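1. Got a sequence here, can you model it:
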Amino acid sequence: MQASEPTLSERAAAAADAGNLLEAIKQVREETGLGLKEAKDLVDAYLRLGHSPSPSTTAASSAEMPVAALLALKNGVLIEAIQHYRNHNRCGLKDAKEAVERYLDANPLAKQQFQAAAKANGKPFLNVLLALVILGLIAAGYWYVTGQTL
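-> Next up is the predicted model:
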């Protein structure tokens, strides 16, 4: 091992190799007292040197995804799913967004359900608007026929 090569403890290296980067960074911070950015840079440098996360564990599984986030995805609300993931895993917005996107990419059926629900969520506004226009026309017709004014 070269002197410039980053060294991680066994626990941090195992977490990084398993694809659990948040846990690896947490371990580095606890063991070294480094700041968040420095710990993240150390883990990233470790991974750049040929230590890559296991592909099977890189994608967020449903076990890692909180139930509230899964329900939000099923309802087509991506922002809410990201928020639930952030709160559950105590991570940053970017990490949560990437984890939710990895989950969707790794689970085609969940992605298909999410897309269908998200598409359907855009229609209620149009339905309400159409209902208001129809009610307005009915009211205008009633007032016109009865001769009543406002």
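
2. For the protein, just list every one of the helices.
-> Using DSSP state H, the helices of the chain run over residues 10-17, 21-32, 36-48, 55-58, 67-74, 78-89, 93-106, 108-121, 123-146.

3. In a markdown table: those helices, plus mean pLDDT and mean neighbour count.
-> Heads up, the C-betas are built off the backbone N, CA and C, glycines and all. What follows is those, written out as a markdown table (pLDDT from 0 to 100; neighbours: other Cβ atoms under 10 Å):
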| stretch | mean pLDDT | mean neighbour count |
| --- | --- | --- |
| helix 10-17 | 83 | 18 |
| helix 21-32 | 87 | 19 |
| helix 36-48 | 86 | 17 |
| helix 55-58 | 42 | 12 |
| helix 67-74 | 89 | 18 |
| helix 78-89 | 89 | 19 |
| helix 93-106 | 90 | 18 |
| helix 108-121 | 85 | 13 |
| helix 123-146 | 82 | 10 |
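
4. what sits against the closest residue to residue 35 other than its chain neighbours?
-> Closest residue to residue 35 apart from its sequence neighbours, by Cβ to Cβ, 6 or more residues apart in numbering: residue 29 at 7.6 Å. Going by Cβ atoms under 8 Å, 6 or more residues apart in numbering, residue 29 touches 35, 36, 39.

5. if you set the cut-off to 10 Å instead, what comes out?
-> Residue 29 is in contact with 12, 35, 36, 38, 39, 40, 42, 43, counting by Cβ atoms under 10 Å, 6 or more residues apart in numbering.
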